[in-house]
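**Q** Need the 3D shape of this:
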Amino acid sequence: MKTTPNYIKNLLIPNTKSPTGRRVWSIDLETVWLPFFLSTNAMGDTAIPSDALGCPIRLAYEKDGSVKFSKTGRPVSKVAKPLADSVTLIRQNFVANLMDYAEQIATSHKEDYAKQVEMATTAGKPIIAHDRQELDNAIQLQIEEALRLAEEERAEASQEAPATSEAEKEKELALV
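**A** As a prediction, the model looks like this:
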């Protein structure tokens, strides 16, 4: 009997909500991370400092203590360290959980897993072959273009250069 945990099923359901704001690990800080961490603090699961939750975006500073600016001249901001560290921990745990789940399924449902690997490999082969052929064609076109440009430059240079002897022309041809 195959039973996938609900938390895994929920990850695979499309969600139309599209928050737009400062993102941490590609997830909106204001609408996702802050409410989540306020909730985990309320439940006693985390102890993220209130100042990090109250001011999650901070001005970045250089090592000498001066305000950090980007190459475009804008001041650089960063996420408060306690929040960034917590997100990093969640990310590492998330990756570990995905890997653990895949390992469990690959071990407990060997035949089904092997069938999926085989189907994916078979389905991917024509795409790989097509991409390889397209890449080969693109590289060949680049080589031909480079040779054409080099030939044009050589022709221009020979028109500008004083007349050369037949022996020098033969040496040039031999080098090509």
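**Q** can you pull the contacts of Val24?
**A** By C-beta atoms under 8 Å, 6 or more residues apart in numbering, the contact set of Val24 is Trp33, Val79, Leu83, Ala84, Val87. For the C-beta atoms, the positions are set from N, CA and C on the backbone; glycine is no exception.
**Q** if you set the cut-off to 10 Å instead, what comes out?
**A** Contacts for Val24 (C-beta atoms under 10 Å, 6 or more residues apart in numbering) come out as Val32, Trp33, Leu34, Pro56, Val79, Leu83, Ala84, Ser86, Val87, Thr88, Ile90, Arg91.
**Q** Now the nearest residue to it once chain neighbours are set aside: phi and psi?
**A** With sequence-adjacent residues excluded and distances taken as C-beta to C-beta, 6 or more residues apart in numbering, Val24 is closest to Val87, at 5.0 Å. Dihedral pair for Val87: phi -60, psi -40, per degrees, to the nearest 10.
**Q** still on that earlier bit, among the contacts of Val24, which ones are buried?
**A** Burial by neighbour count, judged by 16 or more other C-beta atoms under 10 Å, picks out Val32, Trp33, Leu34, Pro56, Val79, Leu83, Ala84, Ser86, Val87, Ile90 from the contacts of Val24.
**Q** those strands in this structure, which residues are they?
**A** 23-24, 27-28, 57-59, 77-79 (DSSP state E).
**Q** So for Lys125, which of the ones you listed sits nearest?
**A** Nearest to Lys125, of all the strands of the chain, is strand 27-28, at 35.2 Å by C-beta to C-beta.
**Q** for that closest one, packing partners?
**A** Contacts defined by 3 or more C-beta pairs under 10 Å, 6 or more residues apart in numbering; DSSP states H and E place strand 27-28 against helix 81-108.
**Q** mind listing the helices for this protein?
**A** 6-11, 34-42, 50-54, 81-108, 110-160, 166-175 (DSSP state H).
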